[in-house]
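Asker: no FASTA, just this:
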């Protein structure tokens, strides 16, 4: 006799799967052992329990004698459904009132409202896909560029998971031999070839390092490039922001200190999403509000992925620009691009003083001169050679995955160090188990309820 389902999976859940608010249609999704009986109890049309899977049926939803709406019902019988359970989707008119009435009716008939991400969580628990693929579903929904869409699709189709499984499988064989040695510890035998293990660990380390290096690129693709525009008052920062966004997002004024807080907005340049941050002008001031803005500018620079330091070509020397950039204390790993503004009114000598300097671009933000060159340099700096990997190599985009890979790397390093120092088999086996556990956490082969809750509560309710 099969064991009963866990309490949560024995429930039938319901939720709105389309965005809330008025629209042409809305889709309400039911999933669970009683999805079809509950839908049958309120649907006036063909009896759903007698219909084949993957079929559509027109009819009405009734609450007693009252007709709530004319609907189309989609029927998916498990395991051939998204959740691997019986699923019924009700496509109704997108009135908020109708949606609320239908949800309330279905709950009264025995369903319960789904938790965030519970449909995808059930698909994972039923073995439809692993945890990396489940997380890729959320990434796919959130994708807002061709690149983020491509990476999410690759992960959802199992490319990353397969690479991890291959890594794990190579380590499991040696781990099993080490465990076998522990069983025969009194006989002082070695089943695992130490030379072969070192070679394998070095190869796996190389692969893990490549995956970790890809996270920097993956994070850019998924979350965008936070680009801080810094500089003195009246350098033209707000004008540059408006020009890059192609809209009047920030107030432009000849009065120094107009921008007292940060203004942020996003724009996609050739499939790369940039989040530009216009900041308060950097200067010593007695104005309390402005001084807070200056301090926030310095803090934001520490969090940036890219810094654009804007200066006025007509009133600044190369030495002053260098000193001002150094005063910002930009983190070493963050690239800084100096941008000379007001090219249209600068003299030939002023322009010549900066043309020979590296990492410097000259523009006229108010007219758009030099902006194409600036965009191209931004793209080149962000891309490097990394974007060529997309489609041919796995790219890590998830911070959780990166942290687990770091744990794996540290554990493998400990095994290699132990082998070189003649550490006992018991400690080697423990470190190798640690590495395997970290890899298993990524795909969900090893998971905790807290981990699953943390992941799936980030989903929308109807997914």
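Answerer: The structure has been received and is ready for your questions. Please read these numbers as outputs of a predicted model, since none were measured by experiment.
Asker: show me where the stretch 201-350 of the chain has helices.
Answerer: 237-245, 288-303, 318-328, 348-355 (DSSP state H, counting those that start in this stretch).
Asker: tabulate those helices (TSV), appending distance to residue 273, mean pLDDT and mean neighbour count.
Answerer: To be clear about C-beta, it is placed using only N, CA and C from the backbone, and glycine gets the same treatment. Listed next are the helices of the stretch 201-350 of the chain as TSV, based on distance: least, CB to CB, whole Å; pLDDT from 0 to 100; neighbours: other CB atoms under 10 Å:
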stretch	distance to residue 273	mean pLDDT	mean neighbour count
helix 237-245	13	85	23
helix 288-303	17	68	15
helix 318-328	24	86	14
helix 348-355	30	86	13
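Asker: ok but residue 123 is inside a helix, no?
Answerer: Yes - judged by DSSP: H, G, I helix; E, B strand; the rest coil, residue 123 forms part of a helix.
Asker: distance check, it against residue 439.
Answerer: For residue 123, the distance to residue 439 (CB to CB, to the nearest Å) stands at 22 Å.
Asker: now swap in residue 420 and tell me
Answerer: For residue 420, the distance to residue 439 equals 23 Å [CB to CB].
Asker: now do stretch 121-135: everything it contacts.
Answerer: Taking contacts as CB atoms under 8 Å, 6 or more residues apart in numbering, the residues outside stretch 121-135 that touch it are 9, 13, 31, 79, 82-85, 115, 120, 155-158, 160-161, 164, 398, 400-401, 442-445, 447, 452, 455-456.
Asker: helix or strand: which one has the closest residue to residue 73 other than its chain neighbours?
Answerer: Excluding the flanking residues, the one nearest residue 73 by CB to CB, 6 or more residues apart in numbering is residue 57, at 4.7 Å. Using DSSP states H and E, residue 57 maps to strand 55-63.
Asker: strand partners of that strand, parallel vs antiparallel please.
Answerer: strand 43-44 (antiparallel), strand 66-76 (antiparallel) (DSSP bridges).
Asker: helix or strand right after the longest one?
Answerer: Read that as strand 66-76. strand 87-94.
Asker: which residues does that next one contact?
Answerer: Here strand 87-94 has contacts from 17-18, 21-31, 35-36, 38-39, 48, 61, 69-76, 78, 81, 98-99, 102, using CB under 8 Å, 6+ apart.
Asker: just the buried ones from those residues?
Answerer: Those of those that meet the buried threshold are 17-18, 26-31, 35-36, 38-39, 48, 61, 69, 71, 73, 75-76, 78, 81, 98-99, 102, by 16 or more other CB atoms under 10 Å.
Asker: could I get the full set of strands for the protein?
Answerer: In the chain, the strands defined using DSSP state E lie at 13-16, 23-31, 43-44, 55-63, 66-76, 87-94, 112-113, 225-231, 263-269, 272-278, 306-312, 336-341, 360-362.
Asker: list the contacts of the closest residue to residue 434 other than its chain neighbours.
Answerer: With CB to CB, 6+ apart as the criterion, residue 434 has its nearest non-adjacent residue at 4.1 Å, and that residue is residue 411. Listed by CB under 8 Å, 6+ apart, the contact set of residue 411 reads 431, 432, 434, 435, 438.
Asker: if we use 7 Å, what do you get?
Answerer: Shown in contact with residue 411 (CB atoms under 7 Å, 6 or more residues apart in numbering): 431, 434, 435, 438.
Asker: mind checking how far the third one is from residue 131?
Answerer: This means residue 435. 18 Å.
Asker: please look at residue 75 and residue 47 and confirm they touch.
Answerer: No - the pair residue 75 / residue 47 is not scored as a contact, 10.9 Å apart, by CB atoms under 7 Å.
Asker: show me the domain layout of the chain.
Answerer: 7-129, 131-444 (automatic domain parsing).
Asker: quick one: the ones you listed as TSV, columns for distance to residue 461 too.
Answerer: Shown next, in TSV, are those (distance: least, CB to CB, whole Å):
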stretch	distance to residue 461
domain 7-129	5
domain 131-444	12
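Asker: lowest average pLDDT across the ones you listed?
Answerer: Comparing mean pLDDT across these, the lowest value falls on domain 131-444: a mean of 78.
Asker: how far does that one sit from its chain's centre?
Answerer: 13 Å (CA atoms, centre = their mean, to the nearest Å).
Asker: quick check: end-to-end length of it?
Answerer: 5 Å (CA to CA, to the nearest Å).
Asker: do the same with stretch 303-314
Answerer: Start-to-end, stretch 303-314 (CA to CA) is 30 Å.
Asker: list the buried residues of it.
Answerer: So, applying 16+ other CB under 10 Å, buried residues of stretch 303-314: 304, 305, 306, 307, 308, 309, 310, 311, 312, 313.
Asker: can I get those residues in CSV with distance to residue 267?
Answerer: CSV is the format used below for the buried residues of stretch 303-314 (distance: CB to CB, whole Å):
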residue, distance to residue 267
304, 16
305, 15
306, 13
307, 17
308, 14
309, 20
310, 17
311, 23
312, 24
313, 25
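Asker: just send the strands paired with strand 55-63 back as TSV, with distance to residue 212 too.
Answerer: As requested, the strands paired with strand 55-63 are exported to TSV (distance: least, CB to CB, whole Å):
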stretch	distance to residue 212
strand 43-44	52
strand 66-76	39
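Asker: would you tell me which of those strands gets closest to residue 350?
Answerer: strand 66-76 (67.7 Å; CB to CB).
Asker: contacts for the closest one, please.
Answerer: Contacts of strand 66-76 (CB under 7 Å, 6+ apart): 39, 43, 48, 51, 53-62, 87-93, 98, 101-102, 105.
Asker: ok, now with 6 Å
Answerer: Residues from elsewhere that reach strand 66-76 (CB atoms under 6 Å, 6 or more residues apart in numbering): 43, 48, 51, 53, 55-58, 60-61, 87, 89-93, 98, 101.
Asker: would you list the buried entries among those residues?
Answerer: Buried members of the contacts of strand 66-76, counted by 16+ other CB under 10 Å: 43, 48, 51, 57, 61, 87, 89-93, 98, 101.
Asker: now for those, which pair is the farthest apart?
Answerer: Of all pairs in these, the most separated under CB to CB is 51 and 101 at 24.5 Å.
Asker: quick one on the thing from earlier: how about the helices of the stretch 201-350 of the chain, which one is nearest residue 372?
Answerer: helix 237-245 (11.0 Å).
Asker: and that closest one, what does it pack onto?
Answerer: strand 225-231, strand 272-278 (3 or more CB pairs under 6 Å, 6 or more residues apart in numbering; DSSP states H and E).
Asker: how about these, which one is nearest residue 299?
Answerer: With CB to CB as the yardstick, what comes closest out of these is strand 225-231 (10.2 Å).
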